[in-house]
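Trainee: This is a predicted model, with the sequence first.
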Amino acid sequence: MTEHKSGFVAIIGRPNVGKSTLLNRIVGQKIAIMSDKAQTTRNKIQGVYTTPDTQIVFIDTPGIHKPRHRLGDFMVETAYSALREVDVTLFMISADQKRGKGDDFIIERLKKSEVPVFLIVNKIDKVHPDALLETIQDYSSQMDFAEVVPISATEGNNFETLMNVLVEQMPEGPQYFPEDQITDHPEYFIVSELVREKVLLLTRDEVPHSVAVVVDSMKRNENDKVHIQATIIIERDSQKGIIIGKGGKMLKVIGTKARQDIERLLGDKVYLELWVKVQKDWRDKQTYLKDFGYREDNY
């Protein structure tokens with residue numbers, strides 16, 4: 001009988017390099033929200049990959065950036081805390097971006113790592129092979145990586161190679177989660193993230209990252225639908241008008257698109273009720289951060 005392997009892997013990198021896209025591909029379902037705005041991921045999102053003889057728990061961390069407020073401090077500390085609890089760290093970069101100060105900052109931290117660090121070069125479908133080779137040589141001159149794996153998280157190129165290499169690195173260990181469980185986050189959290197993704201997607205630059213979503217209740221109603229009540233929190237009155245839209249049109253579109261994703265997640269019919277609330281400067285107030293789920297005990 002072959003031994004069972006298991007372990008933990010952190011996905012780390014600058015904002016917007018495709019960490020959440022990779023996590024969603026690994027688990028085969030959407031659990032991390034995706035947006036081309038930086039710092040979309042705010043908490044460590046754990047995805048679980050299970051085969052008959054291996055289980056790997058992946059931690060998708062917030063993009064490392066220079067914090068400008070308490071929420072930013074929380075996000076960066078969350079990313080670094082992930083490095084203290086894993087068997088392998090994936091340092092993800094984007095093939096179509098030059099190495100910058102942010103990458104150098106992460107590399108300096110990774111040099112102190114006691115676990116293998118893999119360089120994952122994402123978005124290889126967007127560059128010429130010669131440019132890809134130059135990028136790999138540039139990063140490899142900065143530190144010794146245990147493995148270098150070029151991939152496309154969107155297209156799936158080289159994805160199986162990455163998974164095979166990771167499985168080889170995992171120590172012998174137990175199965176931590178049931179085989180059909182793909183994340184350790186409660187459904188409340190993922191539902192709130194899916195609503196927040198639609199706000200970011202549909203309002204674009206008009207409403208920056210001053211958006212939080214809190215699920216107030218989630219229960220089955222008399223029509224056998226899952227009735228979800230959630231509040232979208234923003235920082236300014238002007239943003240409220242943008243999110244609600246003329247005659248409530250924008251809020252309706254946000255609700256419809258979020259509901260479709262939530263129904264896929266839950267495998268159930270959903271009735272989604274959304275409210276919008278202004279909470280001035282919530283990102284800089286510790287009490288609000290705790291209320292909205294950004295707690296230090298998440299580190």
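Mentor: Cool, got the structure. Residues are numbered from 1 along each chain as shown.
Trainee: From the chain's centroid, how far away is stretch 112-122?
Mentor: With Cα atoms, centre = their mean, to the nearest Å as the basis, stretch 112-122 stands 18 Å off its chain's centre.
Trainee: do stretch 230-248 as well
Mentor: Using Cα atoms, centre = their mean, the offset of stretch 230-248 from its chain centre is 24 Å.
Trainee: try stretch 130-144
Mentor: 26 Å.
Trainee: In it, which residues are buried?
Mentor: 132, 135, 136, 139 (16 or more other Cβ atoms under 10 Å). Quick note: C-beta positions are derived from backbone N, CA and C, even for glycine.
Trainee: show me what contacts residue 220?
Mentor: 226, 227 (Cβ atoms under 8 Å, 6 or more residues apart in numbering).
Trainee: For the stretch 1-150 of the chain, which segments count as helices?
Mentor: In the stretch 1-150 of the chain, the helices defined using DSSP state H, counting those that start in this stretch lie at 19-27, 70-82, 101-110, 129-140.
Trainee: if we compare those helices, which one ends up closest to residue 280?
Mentor: When these are compared by Cβ to Cβ, helix 70-82 sits nearest residue 280, at 14.1 Å.
Trainee: how about low-confidence regions in the stretch 151-299 of the chain?
Mentor: 180-187, 204-210, 281-299 (pLDDT under 70).
Trainee: Mean pLDDT and distance to residue 253 added to the helices of the stretch 1-150 of the chain, as CSV?
Mentor: Output for the helices of the stretch 1-150 of the chain, formatted as CSV (pLDDT from 0 to 100; distance: least, Cβ to Cβ, whole Å):
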stretch, mean pLDDT, distance to residue 253
helix 19-27, 84, 22
helix 70-82, 57, 26
helix 101-110, 87, 34
helix 129-140, 95, 39
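Trainee: In a markdown table, list the ones you listed along with distance to residue 149.
Mentor: Formatted as a markdown table, these follow (distance: least, Cβ to Cβ, whole Å):
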| stretch | distance to residue 149 |
| --- | --- |
| helix 19-27 | 11 |
| helix 70-82 | 19 |
| helix 101-110 | 16 |
| helix 129-140 | 10 |
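Trainee: Return the most buried member of these.
Mentor: With neighbours taken as mean count of other Cβ atoms under 10 Å, the helices of the stretch 1-150 of the chain reach their highest mean count in helix 19-27, at a mean of 23.
Trainee: chain center to that helix: distance?
Mentor: Taking mean C-alpha positions (Cα atoms, centre = their mean), helix 19-27 and its chain are 8 Å apart.
Trainee: same check, this time on stretch 6-15
Mentor: Between the centre of stretch 6-15 and the centre of its chain there are 10 Å (Cα atoms, centre = their mean).
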